[in-house]
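Visitor: Return a 3D structure for these sequence lines:
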Amino acid sequence: MKNNSNDLSQHILPNSATMVGVCIMVISIVKSQPSDLVSYLIDKALAIDSVLFTVSALLSFLSIRLERSTVHLERWAEVIFIVGLVSMTLIAVIFSFEIV
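Guide: Residues are numbered from 1 along each chain as shown. Purely as a prediction, here's the structure:
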C-alpha cells in the first residue's frame, strides 16, 4: 500500500460507503410512506446524492489502490464527498421545513 501525504482517501472511502447506506435507508423509509410530490422529490434527490457518494468512494478506492501518484483522484473524491454532504443537508432542511 502506498503512503499518501495525508491518507484522506482512507477516511473518505468508508464514510462515503456509509452515506450511500444512509441514502438507501432514507429512500426505503420514504417509499413506505404514502406517495406524493414531496416523497417523490426526496426519493430522486437522495438517489442522486447516493450516486455522488458512490463516485466519491470509487475515486478514493482508486486513489488507495493505484501505484502512481493519485493526488488528483483524492482531491476529486474529497470535493464530490463535500458536495454530497452539502446536498444531503440541503435536502434535509428543505424537506423538514416543507419549503417544497
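Visitor: When you work out contacts or count neighbours from here on, use the C-alpha atoms and nothing else.
Guide: OK.
Visitor: what sits against the spatially most central residue of the chain?
Guide: The centre of the chain sits closest to Phe53, judged by CA atoms, centre = their mean, with a distance of 2.4 Å. Phe53 makes contacts with 16-17, 19-20, 80-81, 84, as judged by CA atoms under 8 Å, 6 or more residues apart in numbering.
Visitor: Out of these, list just those in helices.
Guide: In this view, these that belong to helices under DSSP state H are 16-17, 19-20, 80-81, 84.
Visitor: how far away is Leu59 from Phe97?
Guide: As for Leu59, its distance to Phe97 is 34 Å (criterion: CA to CA, to the nearest Å).
Visitor: what do you get for Ile27?
Guide: Noted for Ile27: a distance of 18 Å to Phe97, by CA to CA.
Visitor: sorry, back to before: which one of the contacts of Phe53 is nearest to Leu90?
Guide: Proximity of the contacts of Phe53 to Leu90 (CA to CA) peaks at Gly84, which lies at 9.9 Å.
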